[in-house]
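Participant: predicted model follows, preceded by the sequence.
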Amino acid sequence: MFIGIILVILALAQLILGLRFIFGYQRGQATTWYGLFMIGVSFYVGANGLGYLNQIISQGQAEHLAWTGAAILATFVLPFSYTFPLPRRTVRELLPLALWPVIIFVPGIMWTNAFIPQDAIVSFGNGYATQRGDYFWFFLAFFAVYWIWALVNTICSYRTSDGVHRQHLKIFLIGTVISLAISCYFDIYMALTDSTHFGYIGSVCSSIWFGFTAYILLKK
C-alpha cells in the first residue's frame with residue numbers, strides 16, 4: 001500500500017512537470033519532446049503504483065498501462081536527443097519517428113494480445129511476471145533501438161558541446177544509463193524470467209532521476 005501511494009504521487013508530479021514543459025511559456029522543441037517523454041514516465045510509474053494499490057484499475061490493466069508508458073517514453077526520448085542543447089532536426093523531420101511507435105504500440109499493448117496477453121497473470125506486491133505476446137520481442141527491439149539511438153545522439157552532442165551544455169549532457173548521460181540499467185533489470189529482465197517482488201525499484205529510480213534531470217537540463 002505504502003509503495004503504491006509513493007509511486008502515484010511521483011507519477012502525478014511527473015505528469016504536472018511534463019505538462020508544464022509542453023504548455024509553459026519557455027516551451028520549445030527540446031522542452032516539448034521532453035514533456036512528452038515525462039508523460040510516458042508518469043504513465044509507467046503511475047500504472048505500477050495503481051497495480052500495487054490494486055484499486056481503480058485491475059492489476060492486468062496496470063500491467064498494460066505500464067508497458068504503454070514504456071513505449072511512450074522510449075518514443076519521445078529520441079526526438080529530444082536531436083534537439084538538446086540545440087535543435088539538429090526540424091519538427092517535420094522528427095514527427096515520423098514519433099508517430100509510428102505511438103500508432104502501433106499504444107493501442108497494440110493496451111487493447112490487443114499482440115504484445116502482452118490481456119489475461120496476463122499479474123500480482124503486484126506478491127511478485128509479478130510478464131507474459132509475452134507474439135510480437136513482444138518486436139516491441140523490445142524497438143525499445144532497445146530507440147534508447148541506444150538516443151544515447152548515441154546525446155554522446156555526439158556531448159563531444160561537440162562545451163561549457164555548461166557539456167556539463168549538463170555529461171550529467172544526463174551518466175544518470176540516464178544508470179537509471180535505464182536499473183529499470184531494465186528489475187522491470188524487464190526479472191519480470192520476463194521470474195516472478196519478481198522488486199518492480200517498484202525501477203519506477204522509483206527512473207522517476208526521481210528524470211524529474212531531477214528535467215530541472216537541471218531545461219531550466220532557464
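Facilitator: The structure has been received and is ready for your questions.

Participant: quick one: low-confidence parts of this structure?
Facilitator: For the chain, residues meeting the criterion pLDDT under 70 lie at 1, 25, 54-59, 119-128, 194-200, 202, 206-220.

Participant: spatially central residue for it, please.
Facilitator: When CA atoms, centre = their mean is applied to the chain, the residue found nearest the centroid is Leu73 (3.4 Å).

Participant: hmm, that residue is touching Gly40, no?
Facilitator: Yes: contact between Leu73 and Gly40 holds when scored by CB atoms under 8 Å: they sit 3.2 Å apart. In short, each C-beta sits where N, CA and C put it, glycine included.

Participant: and stretch 155-173, what's buried?
Facilitator: In terms of neighbour count (16 or more other CB atoms under 10 Å), stretch 155-173 has its buried residues at 157-158, 161, 165, 168-169, 172-173.

Participant: looking at those, which is nearest Leu151?
Facilitator: Distance from Leu151 was checked for each of these by CB to CB. The minimum falls on Leu173, at 7.2 Å.

Participant: now the helices for the chain?
Facilitator: Remark: helices assigned in the chain by DSSP state H are 2-23, 29-53, 59-81, 91-111, 136-160, 163-184, 190-193, 199-218.

Participant: turn the ones you listed into TSV, columns for distance to Pro117.
Facilitator: Listed next are the helices of the chain as TSV, based on distance: least, CB to CB, whole Å:
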stretch	distance to Pro117
helix 2-23	24
helix 29-53	16
helix 59-81	9
helix 91-111	11
helix 136-160	9
helix 163-184	21
helix 190-193	13
helix 199-218	18
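
Participant: can you pull the contacts of Arg20?
Facilitator: Residues in contact with Arg20 (CB atoms under 8 Å, 6 or more residues apart in numbering) are Gly35.

Participant: any idea how far Ala74 is from it?
Facilitator: To Ala74, Arg20 is 22 Å away according to CB to CB, to the nearest Å.

Participant: so who does the residue nearest to the centre of the chain touch?
Facilitator: 37, 40-41, 43-44.

Participant: nearest to Met110, of these?
Facilitator: Phe43 (10.5 Å).

Participant: and the nearest residue to the closest one once chain neighbours are set aside, how many neighbours?
Facilitator: Leaving aside its sequence neighbours, Phe43 sits nearest to Gly69 (CB to CB, 6 or more residues apart in numbering; 3.0 Å). Residues lying near Gly69 (other CB atoms under 10 Å) number 24.

Participant: wait, Gly69 sits on Gly49?
Facilitator: No: Gly69 is not in contact with Gly49 according to CB under 8 Å; the separation is 11.3 Å.

Participant: Ala144: neighbour count?
Facilitator: Residues lying near Ala144 (other CB under 10 Å) number 13.

Participant: next, work out how far apart it and Leu180 are.
Facilitator: The gap separating Ala144 from Leu180 is 10 Å, by CB to CB.

Participant: so Ala62 sits right up against Tyr44, yeah?
Facilitator: No: under the criterion of CB under 8 Å, Ala62 makes no contact with Tyr44, lying 10.6 Å away.
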